[in-house]
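Peer 1: Build me a structure from this.
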Amino acid sequence: MSRASTLAKAIGADGAIAVSGNTTLGDASTDTVTFNAATASIPNGINFTGGNFGIGTSSPATKLSFGNFVPSNGQTALIYQDANTRSGLGVVSGVYRMFTDSGSVLSFGGVSTSDGSTYTERVRINASGNIGVGVTPSAWDSAALSRAIQFNAASIYSYQSTNTLISQNGYYDGTWKYYNTGPTGRINIYQDQLNFDAAASGTQNTAITYTSVFTVARGATFALQGGTQTNGTGIAFPATASPSSNANTLDDYEEGTWTPAINYGGTVATLSVAFGFYVKVGRHVTLTGYLTTTNKNGGTGDAVLSGLPFPIGNSSNHYPGGSLGYYANLTLPAGTTGLAWYGIVNSGSIYLGYNSTTNWAQLNGSLAGNNAQYGPFTICYISD
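Peer 2: Prediction:
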């Protein structure tokens, strides 16, 4: 066939094969070849026209076009087919599909310009639906609706309909494990609650034991490590403080009650009423108290108030002192200006006394009635 030859329509009135044109096939935009007449399964047949090849379209707009041909199973083009093991492309209801068989992975990458052959993977979607960006996804849990996006050692993991986690150096295959040897941390979003967890360094692929660093939730306290979250707003500190070495760090807060007691020279007095409240912020303790005795049980020695909720700091710099405020049924020497106290370091007790005409003097049981009243009073001191 010469370039100048003219091709005529051939084979039957049904148009099963039709070829027309005035140049060699595929050489010019005027070439038109119909290889197969239109059928119900392939509307508009298979056509070569204007230098473009069309399947299911009589006027292909690109070098290869499938027109608006949409098979019922969405498999427009198969790159690989071996019985039911298939990989290819398709469109269904406006959704573009790039698929492979259910046991294989989808890989997206690039080919080296140096040899035109070497392939480098950029993104992988494994058979469970987990995505690896620059990394092969680890053996993530394959439970229904559980999916992960992994970026090397970091990942975003959604566990069914309850949890979404952002993890560093951890993955979940039914148990949280170290991706690499080293420490790990994660943010766990559970409904309206956020947990910030961490774990010390561990060995690759071994189980992780996370510790909650702090927890945030709607309508709940902000709970620090070891703190118990409760309803309401505020910050929940752990029951046992873990003091920081930084003097400007607030690492403890506590409120509670305490029960004061009094003895005279070691003889404990019988009380009818004794109660108190305290607030501890860091090392600073502020407490209030009140007590009334019914019998001093013969005690005549120095008066010592005890039962402080926290011991006074074990340093000579921590000696506290002050006035006691209100008292009753005490016989103090003339000229005294009121009841006073000072603390005993490294203990939960304070000495009671008074300011005499010359100096401070110790209160003793001989000056107290059986029904002496101490308080209400406020005491402040520094603990360890």
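
Peer 1: Three-state assignment for the residue nearest to Asn52 when sequence neighbours are not counted, please.
Peer 2: Counting by CB to CB, 6 or more residues apart in numbering, Pro60 is the residue found nearest to Asn52 once chain neighbours are left out, at 3.9 Å. C-betas here are computed from N, CA, C, even on glycine. Using DSSP: H, G, I helix; E, B strand; the rest coil, the structure places Pro60 in coil.

Peer 1: need the contact list for Tyr326.
Peer 2: Neighbour list for Tyr326: Gln373, Gly375, Pro376, Phe377 [criterion: CB atoms under 8 Å, 6 or more residues apart in numbering].

Peer 1: Export those residues as TSV, with columns for pLDDT, distance to Leu332 and neighbour count.
Peer 2: As requested, these are arranged in TSV below (pLDDT from 0 to 100; distance: CB to CB, whole Å; neighbours: other CB atoms under 10 Å):
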residue	pLDDT	distance to Leu332	neighbour count
Gln373	97	14	18
Gly375	93	16	23
Pro376	94	19	14
Phe377	95	16	21
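
Peer 1: Show me these that map onto strands.
Peer 2: Gln373, Gly375, Pro376, Phe377 (DSSP state E).

Peer 1: Touching stretch 265-276 from outside, list them.
Peer 2: Contacts of stretch 265-276 (CB under 8 Å, 6+ apart): 257-263, 287-302, 307, 364-365, 371-372.

Peer 1: Please list only the buried members of the residues you listed.
Peer 2: 258, 260-263, 287-293, 296, 299, 302, 307, 364-365, 372 (16 or more other CB atoms under 10 Å).

Peer 1: In strands, which of the residues you listed appear?
Peer 2: Using DSSP E, these in strands are Trp258, Ala261, Ile262, Asn263, Leu287, Thr288, Gly289, Tyr290, Leu291, Thr292, Thr293, Ala372.

Peer 1: so where is the stretch 201-350 of the chain shaky, pLDDT-wise?
Peer 2: Of all residues in the stretch 201-350 of the chain, none has pLDDT under 70.

Peer 1: related to what we said a few turns ago, so the residue nearest to Asn52 makes contact with Ile46?
Peer 2: No. Using CB atoms under 8 Å, Pro60 is not in contact with Ile46, being 9.9 Å away.

Peer 1: okay, and the common contacts of these two?
Peer 2: Gly54.

Peer 1: Find the nearest non-adjacent residue to Ser316, please.
Peer 2: Nearest non-adjacent residue to Ser316 (CB to CB, 6+ apart): Val345, at 6.8 Å.

Peer 1: Contact partners for that neighbour?
Peer 2: Contacts of Val345 by CB under 8 Å, 6+ apart are Ile312, Gly313, Asn314, Ser315, Ser316, His318, Tyr319.

Peer 1: Which strand or helix spans it?
Peer 2: In the assignment (DSSP states H and E), Val345 maps to no helix and no strand.

Peer 1: quick one: contacts for the residue lying closest to Ile312 once chain neighbours are set aside?
Peer 2: Spatial nearest neighbour of Ile312, chain neighbours left out: Gly343 (4.5 Å); criterion: CB to CB, 6+ apart. Going by CB under 8 Å, 6+ apart, Gly343 touches Ile312, His318, Tyr319, Pro320, Gly321, Ser349, Ile350, Tyr351, Tyr381.

Peer 1: Look up the residues forming beta bridges with Gly343.
Peer 2: Ile350 (DSSP bridges).

Peer 1: ok, now how distant is it from Ile131?
Peer 2: From Gly343 across to Ile131, the span is 63 Å (CB to CB, to the nearest Å).

Peer 1: Also Asn152?
Peer 2: 13 Å.

Peer 1: Just want to know which of the two has more residues nearby.
Peer 2: Ile131 (18 against 13; other CB atoms under 10 Å).

Peer 1: Tell me which residue lies nearest the centroid of this protein.
Peer 2: In the chain, the centroid-proximal residue (CA atoms, centre = their mean) is Ile187; its distance is 1.9 Å.

Peer 1: residues touching that residue, list them.
Peer 2: Leu165, Ile166, Ser167, Leu194, Asn195, Phe196, Asp197.

Peer 1: can you pick the most crowded of those?
Peer 2: In terms of neighbours by other CB under 10 Å, the contacts of Ile187 top out with Ser167 at 24 neighbours.

Peer 1: Can you tell me who that residue pairs with across the strands?
Peer 2: Counting by DSSP bridges, the residues bridging with Ser167 are Ser155, Arg186.

Peer 1: Also Tyr119?
Peer 2: Residues in a beta bridge with Tyr119, per DSSP bridges, are Val111.

Peer 1: Burial check on it, number of neighbours?
Peer 2: Tyr119 - counted by other CB under 10 Å - has 9 other residues nearby.

Peer 1: hang on, isn't it packed against Phe108?
Peer 2: No. If you go by CB under 8 Å, Tyr119 and Phe108 don't touch, sitting 10.5 Å apart.

Peer 1: Excluding covalently adjacent residues, which one is nearest to Gly282?
Peer 2: Here the residue nearest Gly282, using CB to CB, 6+ apart, is Asp252, at 5.5 Å.

Peer 1: Before I go, just wanted to say thanks for your time.
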